[in-house]
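Novice: sequence first, then the predicted structure:
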Amino acid sequence: MNRPLCKVGLWPAPFSASSRQTLVCLLLTALLPQSLLPASLPGAAWFERRMNPETVQVREVKGVTERIVDNTLSLTLKTFLELVLMNSTDINLTRLDVYTANNQILAAKAPYDPTASLGFSTFRSVSPSSSQISGATTLSTLTQNSTAQFQQLLPTGQSLSAGFTASRSSNNSAFSILNPNIFGTFNFTATQPLLQDRSRIQVRGPLEIARTQLTITSRQSEAHIADLLATAAVEYWSAVQARDNVKVLQQTLDLAQKAYARDKQALDLGALAELDIFQSEAQVAGRKRDLISANYGYRASVDLLRRLMGADLTPKLRAVEIVLEDDPAVLPAAAAILPYEEALTAATRLRPELDAAHRQVTVDEINTKISRNLLLPRLDLSAQMQTSGLGGNQVAIVGPLGITTPAISGGLGDSLQQVFAFSYPSYGASLQLTLPSRSSGNRAQLAQVLVNKARDQYTERQVQEQIVEDVRKALNSIDLANASVDAAVTARDLARKNVDAEQQKYELGTIQAFELLDSQTQLATSESALLSAHVGYQQAYVAYQRATWTILDGLGMVLETPKTN
């Protein structure tokens, strides 16, 4: 198998910004004490990727300058389409649609993102006492709370949450046993839906839809790029026709000038009336006018090709002469055109539009599952576990018999030891059932999803019908173009013979000059008709390649489909 000469992705390859020390690292280093810094911080590259996501760079025009020789750019259809595929602004804009669809996959993963939070608060309270049991005439209390929370939704359907709270309290009360005291609590909760959203379809469904939508967008982009390439190929052959039309008109001008030269010589010799020379002069002037118009038409066609391949963005490229090398009379091999049923089978298998329409129905099926799931009762099973601990500095106490208990130092370590040793555990479970009353909104959503599914199935049928029409129309156009070429060749050959015969008659003096000029005009018309027939065949073949999805065959190019995240 031949390797492709050019591999073109539907979406541009990402690029990273230049590495640099991030502001986050500088702030952490400058503001935090050295003792509080962890052994290793995330590198600057990690923060760079975090704060500067991969983006798309606008591509520069490439491939054109390398093909310029002596300020001339020689093009064949193959090289022209390669440059269009690399540099066309319309194609580059289409490729961005796939990038956008890929970003939606990342957004759909958001429900599975774990969340963690840390908090700290401090509060000082000073208040007068109205009771002896307050332990102080003016009670002063300092409370400091620290919290840590974590939540995670698992792909298997469970919701997990865990939290740790440490509360430190100190006061001037004489009756406090622990002062300051630290009370720590750790709690853990797991919840499993048993009916509605048991398989997490409401969260998993949007992610599956985003992944499918990426493929749909990719296939639609392929189809649109193929349309743009087919249009570019048609414009290329139109430019070739304009080029060869200039040659045809130049030949007719040469014939008219030769006839005028003979008439002028006959006039000088007195063999032609002075009034008869005006017809030859008018013929030459008219053909000069047609030739000038044809030259400007060809120039406009070349400028369009220049724009399609991005060669009009700099003065240097705008000044380059473009030479088209293809001959429209060199027709594609008849073996490359399949019979109708075979061509239709290939088109049905390969056309990306049909695959995109089919995948859209798959999206509707996922939405149907989501909507049906919303109509189920909600039954959630939850399990909770909690443990706590208390630590602090124990105050010296004098007992009833005068026995004094000495002060004992303690703190956070005592509280954490009790918490994670499960010295004071608490646990339980709950079952909660929620019955929907009418669920009118969810029922309407399900009904609309089913309507959308039927609509997309009809759309898929429309695409199939369009493919059938495209293949049939392309084959009919090729048949018509083939017959037109045969007829145009016959007409051109007869016109040439007629010009030769009329020329001999004119030299013998048996016909007038206008009759010779008329035969020359008929020859020019037949030459133009043959050129149009050849170009029409080439354009019909482009339509056939687009209809059967063989437009890239033989060009050495493939379209890469991006990988799903």
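Specialist: Now that the structure is in, tell me what you want to look at.

Novice: when you work out contacts or count neighbours from here on, use the C-alpha atoms and nothing else.
Specialist: Noted.

Novice: list the buried ones in stretch 328-336?
Specialist: Neighbour-count burial for stretch 328-336, counted by 16 or more other C-alpha atoms under 10 Å, picks out Pro328.

Novice: and what of stretch 169-183?
Specialist: Using 16+ other C-alpha under 10 Å as the test for burial, stretch 169-183 gives 169-173, 176, 178-183.

Novice: I'd like the mean pLDDT over stretch 372-382, please.
Specialist: Per-residue pLDDT over stretch 372-382 has a mean of 91.

Novice: can you get me a residue count around Pro128?
Specialist: Using other C-alpha atoms under 10 Å, Pro128 is surrounded by 11 other residues.

Novice: what segments of this structure are helices?
Specialist: With helices called from DSSP state H, the chain shows them at 23-31, 44-51, 77-87, 89-108, 201-268, 277-308, 315-318, 340-350, 352-374, 412-420, 440-508, 513-547.

Novice: can these go into CSV with extra columns for distance to Asn187 and mean neighbour count?
Specialist: Listed next are these as CSV, based on distance: least, C-alpha to C-alpha, whole Å; neighbours: other C-alpha atoms under 10 Å:
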stretch, distance to Asn187, mean neighbour count
helix 23-31, 31, 12
helix 44-51, 31, 14
helix 77-87, 58, 21
helix 89-108, 29, 18
helix 201-268, 26, 20
helix 277-308, 65, 18
helix 315-318, 70, 14
helix 340-350, 57, 17
helix 352-374, 30, 20
helix 412-420, 10, 18
helix 440-508, 35, 17
helix 513-547, 64, 22
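
Novice: run through the stretch 101-250 of the chain and note the low-pLDDT ranges.
Specialist: Applying pLDDT under 70 to the stretch 101-250 of the chain picks out residues 132-134, 174-175.

Novice: show me the beta-bridge partners of Leu431.
Specialist: Following DSSP bridges, Leu431 is listed with bridge partners Leu381.

Novice: correct me if wrong: it contacts Leu379.
Specialist: Yes: counting by C-alpha atoms under 8 Å, Leu431 does reach Leu379; the two are 7.0 Å apart.

Novice: out of the two, which sits in the more crowded spot?
Specialist: The neighbour comparison of Leu431 against Leu379 (other C-alpha under 10 Å) goes to Leu379, with 18 against 13.

Novice: tell me which of the buried residues of stretch 169-183 fall in strands.
Specialist: Cross-referencing the buried residues of stretch 169-183 against strands under DSSP state E gives 169-171, 178-183.

Novice: so what sits opposite Ser125 in the bridge?
Specialist: Following DSSP bridges, Ser125 is listed with bridge partners Thr141.

Novice: picking that back up, out of the helices of the chain, which gets nearest to Glu60?
Specialist: Smallest distance to Glu60 across the helices of the chain (C-alpha to C-alpha): 7.8 Å, for helix 77-87.

Novice: any idea how far Asp244 is from Asn295?
Specialist: Counting by C-alpha to C-alpha, to the nearest Å, the separation of Asp244 from Asn295 is 10 Å.

Novice: need the residue closest to the centroid of this structure.
Specialist: By C-alpha atoms, centre = their mean, the chain has its centre lying nearest to Val98, at 1.6 Å.

Novice: picking that back up, now the two most distant members of the ones in strands among the buried residues of stretch 169-183.
Specialist: Across these (C-alpha to C-alpha), the longest gap, 14.6 Å, separates Asn171 and Phe183.

Novice: how close does the closest residue to Thr252 other than its chain neighbours get to Val320?
Specialist: Distances taken as C-alpha to C-alpha, 6 or more residues apart in numbering place Ala524 nearest to Thr252, at 6.0 Å, with adjacent residues excluded. Ala524 sits 31 Å away from Val320, going by C-alpha to C-alpha.

Novice: ditto for Ala162
Specialist: Ala162 is 69 Å from Val320, where distance means C-alpha to C-alpha.

Novice: many thanks, I have nothing further to ask.
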